[in-house]
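> just coords:
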């Protein structure tokens with residue numbers, strides 16, 4: 001997405017485009033300001049059509065010319081009153097010099113500029129037939145205007161004059177497009193022009209033809225004559241592709257009239273010269289799409305290079321304005337940017353029309369064009385231009401014109417002197433009537449002595465009156481001179497005072513301007529910082545939203561896990577309850593069986609006079625007797641006296657660790673450790689008082705009996721002040737059932753020789769219900785297993 005000042009659709013008419021884009025530039029031109037208008041885009045996007053238009057619908061250029069001449073038409077100066085010099089300046093000629101120039105031009109056999117009375121070329125007549133009659137409303141009526149046009153092209157980074165008339169010289173060889181001399185033919189290669197800088201640091205083309213025009217038709221005919229010389233070529237993308245940048249420059253010279261409103265002021269500093277440049281840029285293109293070769297390929301390279309330089313200049317200007325830097329703008333890298341350097345430095349308003357082709361093949365190029373064009377609108381280079389003040393009364397042209405019309409009317413009516421002359425004569429006559437009338441001076445008689453004395457008396461009175469009037473006039477003159485001197489002195493003092501005030505105001509204004517510049521730079525810096533902070537805040541907000549979403553997902557996951565855990569706990573509780581009930585039933589059955597076995601054992605162990613009959617092995621195998629988990633010892637069996645094994649470390653203290661989960665066993669042999677501290681859980685305090693450690697551990701053996709293990713170890717002190725245990729030995733106490741090895745005496749064959757031994761043999765179970773096992777190599781006494789793995 002790209003944003004612009006205005007976006008026009010495909011169905012927009014030329015008038016709407018002109019009103020929005022070019023009309024403000026023409027208004028600034030007439031008010032003495034410079035303007036520059038670009039058409040920029042990909043090859044074949046309609047740049048030349050936008051600038052020149054089509055038959056029946058003129059483009060921006062003819063509409064600009066029509067608006068200029070509609071606005072200044074009645075105020076144009078005669079030809080050659082304004083004369084352009086060779087240094088980008090303009091002079092004002094007198095009426096005589098201008099008349100001589102016009103006579104010299106009329107005497108030429110072939111006029112260099114088209115005449116306004118000539119018939120319009122039908123080839124472009126429809127383009128300039130604009131019916132809008134658009135004009136600038138506020139035009140200074142006390143100025144006179146003249147329009148000068150020139151047309152150049154920039155081809156392969158060289159500047160050529162499209163209006164230059166090349167004289168035919170048969171002596172010099174001619175050159176064709178292949179750079180080979182041709183004797184027959186009228187073609188002479190044009191000479192490239194140079195760029196120069198005038199005294200006001202404005203760039204101009206030296207030796208460029210500038211034609212004074214007086215109408216829209218005449219100006220467009222000059223343009224059309226140069227357009228035919230412009231370089232175009234046929235490429236894969238455009239049948240008439242512009243191979244150069246064309247620049248049509250319109251200069252408007254204006255100067256105020258004198259106080260009488262008749263002639264132009266001859267002061268050069270009162271002349272204002274403004275310029276409007278209409279630039280039709282060559283299209284940016286990719287050579288792999290245009291299939292350009294040879295000269296076309298070289299042209300495309302130069303076109304792209306000049307457009308890249310224009311883009312670089314805009315980027316540097318933008319960077320200087322945004323960040324307050326002062327990087328050098330590379331204007332000189334291209335003739336295009338060098339020519340319009342002053343516009344980018346603030347000498348006028350710059351506008352760009354971006355032409356976009358909606359073809360899918362131009363998608364990538366169009367994106368580049370719009371990205372560059374969007375960046376250019378961030379560059380603000382226009383600054384106000386002060387126009388010179390002439391100090392004359394406004395409206396003098398129309399007052400002088402009205403006076404002349406009235407004078408001509410009165411001369412026609414009266415056919416003699418005007419009222420002003422009669423009034424002046426009547427005033428002089430009235431002045432003469434104030435003198436005494438002269439008497440009759442005729443002397444009819446020699447002896448007449450009255451006429452002469454009366455005449456002398458009248459003349460003396462007139463002489464006295466004249467002297468009185470002369471003295472009064474001298475007094476009035478003296479008084480008037482005194483008043484003038486006083487007025488001059490007061491004017492001088494006021495001027496000095498005003499100058500002092502002006503200097504103070506100028507200093508204040510300069511200080512305020514510097515302060516404004518500083519504040520503007522500060523504002524730009526703050527705006528840049530604000531932009532960065534906004535972007536940072538946007539990033540943080542995005543991270544915050546992501547973290548909140550992640551937190552919500554994690555919390556939902558934890559809730560699901562908690563609910564799963566609660567369901568699992570409920571399920572396990574149900575399983576535990578079911579298992580508990582099952583084992584309780586089993587225990588009840590075992591208790592019942594155990595009670596029966598005890599009763600049976602009591603019956604078996606009752607004393608008898610006769611030897612018990614020894615059952616056969618088959619009967620024993622058919623009726624196995626279930627044994628109890630831990631049957632009590634038989635009352636009639638001889639008891640074995642338990643002897644406790646003395647610990648090999650009798651002088652050492654032990655920590656006897658018996659977890660509360662251990663079950664008490666009903667075995668005869670029980671582990672006994674003297675001088676032991678019995679604890680339910682190992683603690684550092686108990687370990688610190690002892691040298692040995694023993695852990696009593698119980699587990700279920702493979703035959704379902706409880707197996708007790710005594711894990712022994714040595715207690716060591718650590719460097720950190722704590723206690724450590726190193727295990728050294730494991731002793732095992734096992735409880736087994738002897739039912740698998742029972743031997744009973746038998747009375748079935750009393751006469752056999754084995755009866756004596758069998759009668760003396762009794763069942764092991766009748767003597768002891770505990771099987772005592774002692775493995776070889778053990779010195780711990782009966783009932784213990786000693787496993788001593790190496791340390």
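Noted; the coordinates are in hand. Because the structure is a prediction, the values reported are computed rather than measured.
> CA atoms for contacts and neighbours, from now on please.
OK.
> Let me see the backbone angles for residue 145.
With angles defined as degrees, to the nearest 10, residue 145 sits at phi -130, psi 150.
> you'd agree it is up against residue 74?
No. The pair residue 145 / residue 74 is not scored as a contact, 9.4 Å apart, by C-alpha atoms under 8 Å.
> Now do the contacts for residue 379.
314, 317-318, 321 (C-alpha atoms under 8 Å, 6 or more residues apart in numbering).
> Mind doing that once more with 10 Å?
314-322, 344, 350 (C-alpha atoms under 10 Å, 6 or more residues apart in numbering).
> and what of residue 73?
Contact analysis of residue 73 by C-alpha under 10 Å, 6+ apart lists 67, 144-146, 214-215.
> Any idea how many residues pack against residue 157?
Using other C-alpha atoms under 10 Å, residue 157 is surrounded by 19 other residues.
> Would you agree it is in contact with residue 302?
Yes. The pair residue 157 / residue 302 is scored as a contact, 6.7 Å apart, by C-alpha atoms under 10 Å.
> Show me whatever sits in contact with both of these two.
Shared contacts of residue 157 and residue 302, counting by C-alpha under 10 Å, 6+ apart, come down to 244, 334.
> returning to what we had before: kindly reformat the contacts of residue 379 as TSV containing distance to residue 512, pLDDT and secondary structure.
As requested, those are exported to TSV (distance: C-alpha to C-alpha, whole Å; pLDDT from 0 to 100; DSSP: H, G, I helix; E, B strand; the rest coil):
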residue	distance to residue 512	pLDDT	secondary structure
314	29	85	helix
315	29	87	helix
316	27	88	helix
317	24	85	helix
318	25	83	helix
319	25	85	helix
320	22	83	helix
321	20	81	helix
322	21	82	helix
344	25	78	helix
350	27	86	strand
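> filter these to the buried ones?
314-322, 344, 350 (16 or more other C-alpha atoms under 10 Å).
> is it true that residue 352 lies in a helix?
No. Under DSSP: H, G, I helix; E, B strand; the rest coil, residue 352 falls outside any helix and is assigned strand.
> Provide the partner residues of it in its beta bridges.
residue 38 (DSSP bridges).
> which residues touch it?
21, 36-40, 279, 373, 376-377.
> Can you pick out the most distant pair from the residues you listed?
279 and 377 (17.4 Å; C-alpha to C-alpha).
> And the two? Which one has more around it.
Shown here are residue 279 and residue 377; by other C-alpha under 10 Å, residue 279 has more neighbours (24 against 16).
> what about that one, which SS state?
Residue 279 - assigned by three-state DSSP - is strand.
> Which of the buried ones among the contacts of residue 379 sits closest to residue 675?
Of those, the one sitting nearest to residue 675 (C-alpha to C-alpha) turns out to be residue 322, at 90.6 Å.
> Find the nearest non-adjacent residue to the closest one, please.
Spatial nearest neighbour of residue 322, excluding adjacent residues (C-alpha to C-alpha, 6 or more residues apart in numbering): residue 524 at 5.9 Å.
> Does the one you found touch residue 318 like I think?
No. Contact between residue 524 and residue 318 fails when scored by C-alpha under 10 Å: they sit 11.6 Å apart.
> which residues do the two both contact?
residue 324.
> what residue ranges in the stretch 301-450 of the chain score low on pLDDT?
378, 380-393, 395, 414-443 (pLDDT under 70).
> Helices of that one, residue ranges please.
335-339, 341-342, 363-376, 396-414, 419-433 (DSSP state H, counting those that start in this stretch).
> likewise the stretch 1-150 of the chain?
So, for the stretch 1-150 of the chain - with DSSP H, counting those that start in this stretch - the helices run 14-17, 23-30, 47-52, 60-72, 95-107.
> Pull out the buried positions in the second one.
Meaning helix 23-30. Quick answer for helix 23-30 (16+ other C-alpha under 10 Å): 23, 25-30.
> Output the contacting helices and strands for it.
strand 34-41, helix 60-72, strand 245-256, strand 272-280, strand 348-355 (3 or more C-alpha pairs under 10 Å, 6 or more residues apart in numbering; DSSP states H and E).
> mind running it again at 8 Å?
In terms of contacts (3 or more C-alpha pairs under 8 Å, 6 or more residues apart in numbering; DSSP states H and E), helix 23-30 is packed against strand 34-41, helix 60-72, strand 272-280.
> Tabulate those (TSV), appending mean pLDDT and distance to residue 591.
Below are the helices and strands packed on helix 23-30 laid out as TSV (pLDDT from 0 to 100; distance: least, C-alpha to C-alpha, whole Å):
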stretch	mean pLDDT	distance to residue 591
strand 34-41	90	104
helix 60-72	92	116
strand 272-280	93	114
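> With respect to residue 408, which of the ones you listed lies nearest?
helix 60-72 (26.3 Å).
> what's in contact with the closest one?
14, 17-18, 22-23, 26, 30, 50-53, 127-128, 130, 133-137, 139, 145, 214-216, 219-220, 278.
> again with stretch 84-103
In contact with stretch 84-103 (C-alpha under 8 Å, 6+ apart) are residues 78-83, 198, 204, 206-207, 253, 264-268, 271, 273.
> give me that answer again for 7 Å
79-83, 198, 204, 266, 268 (C-alpha atoms under 7 Å, 6 or more residues apart in numbering).
> And for stretch 259-269?
91-92, 255-258, 392, 396-397, 400.
> what's the closest of those residues to residue 480?
For the contacts of stretch 259-269, the nearest to residue 480 is residue 392 (25.9 Å; C-alpha to C-alpha).
> I'd like the mean pLDDT over stretch 104-113, please.
Confidence for stretch 104-113, expressed as mean pLDDT, is 62.
> now swap in stretch 43-55 and tell me
For stretch 43-55, the per-residue pLDDT averages 87.
> Mind listing what's buried along it?
43-54.
> Stretch 133-151 too?
Within stretch 133-151, the residues that qualify as buried are 134-136, 140-151, counting by 16+ other C-alpha under 10 Å.
> Which ones among these lie within strands?
143-151 (DSSP state E).
> Return the closest of those residues with respect to residue 700.
Nearest member of those to residue 700, counting by C-alpha to C-alpha, is residue 151, at 112.1 Å.
> Now do the same contact list for the closest one.
Residue 151 neighbours (C-alpha under 7 Å, 6+ apart): 161-163, 223, 226, 247-249.
> mind checking how far it is from residue 193?
12 Å (C-alpha to C-alpha, to the nearest Å).
> What of residue 371?
33 Å.
> Pop the domain breakdown of the protein in here.
Residue ranges for the domains of the chain, per the TED database: 14-107+120-168+190-376, 453-534, 677-731.
> Please indicate which of the ones you listed has the most neighbours on average?
domain 14-107+120-168+190-376 (a mean of 18; mean count of other C-alpha atoms under 10 Å).
> Now do the end-to-end distance for it.
End to end - C-alpha to C-alpha - domain 14-107+120-168+190-376 spans 24 Å.
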